[in-house]
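Enquirer: What shape does this take:
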Amino acid sequence: MKIVAPCEDVERTIVIIAIDGPAGSGKSSTAKAVASRLGALFVDSGAMYRAMALKALRTGIDPETTDFEAVIRETRIGLTARDNRTIVLLDGEDVSHLIRSEEVSGMSSRVSKRPDVRVRMVELQREAAFNHVADGGVVVMEGRDIGTVVFPKAEFKFFITAAPEIRAERRARQLSKKGEVVSVAALLQQIRERDERDETRSDSPLRAADDAATLDTSGMEFEEQVDTIVRMISGNAGDTRQ
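Expert: Residues are numbered from 1 along each chain as shown. Here you go, the predicted structure:
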């Protein structure tokens, strides 16, 4: 199935499905599954911030200082598809697995507070989408400000959320499958602190776009939330679906 947006202006000609939400809401796995179901490219915008966070940890430079400006300028971050999965490249190195640690997650929130980092990431995210759509593709992009800042005119917007307690439990199960044992209480505290930082930052705070469909997945199974989003897209594509 290919979904084509009305050609009203430059942004509307880009076929974008924006999926935003707080930390631990499952938006990445959901977006990835939706992209697979629609035959679309999955752009993990959060992975770009995590890659920059990993760079901060490696350099030891505090991302909240002016010294970090040089790191932003010198760092190269890219996404590429390989074997049906998205590969995250940091200065040419595949860091797809390294960026998923809790340490990187915490640093990512600090890095993303910088306006200059966000400006650069928006450029990279738009570039990735433009390149794919130019070849006739559809893009599913997830993050925290895709529907509000990166692509405010996206054809479809979703905001996925869940109770903090549910998100902490889900995250604990994910880490357990990787052999990591983490306290649910500790994860809950981290999630609440992350929500506070993301929702109160001055630049591009976390919020649902006014025209986004909000989906509370607290009582939903994973496949159910994927089915719901795909059904909403299919049902609202109207005459623009081919």
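
Enquirer: Which of the residues in the helix or strand hosting Q174 are classified as buried?
Expert: Assessed by DSSP states H and E, Q174 sits inside helix 164-177. For helix 164-177, a neighbour-count test (16 or more other CB atoms under 10 Å) marks 164, 166-172, 175 as buried. Heads up, the C-betas are built off the backbone N, CA and C, glycines and all.

Enquirer: Could you single out the nearest of those to V111?
Expert: The closest of those to V111 turns out to be R171 (CB to CB; 19.8 Å).

Enquirer: In this structure that closest one contacts A186, no?
Expert: No: under the criterion of CB atoms under 8 Å, R171 is not in contact with A186, lying 10.3 Å apart.

Enquirer: what does the longest helix seen in the chain contact?
Expert: Scanning the chain for the longest helix, with DSSP state H as the assignment, gives helix 115-134. By CB atoms under 8 Å, 6 or more residues apart in numbering, the residues outside helix 115-134 that reach it are 13-16, 41, 43, 45, 48-49, 52, 63, 69, 72, 77-79, 111-112, 139, 141, 143, 145-146, 149-151, 203-204.

Enquirer: Give me the residue at the spatial middle of this protein.
Expert: With distances taken as CA atoms, centre = their mean, G143 lies nearest the centre of the chain, 2.6 Å away.

Enquirer: Skipping its backbone neighbours, what lies nearest it in space?
Expert: Closest residue in space to G143, ignoring its immediate chain neighbours: S45 at 3.6 Å, by CB to CB, 6 or more residues apart in numbering.

Enquirer: surely that neighbour meets E142?
Expert: Yes: with contact defined as CB under 8 Å, S45 reaches E142; the gap is 6.3 Å.
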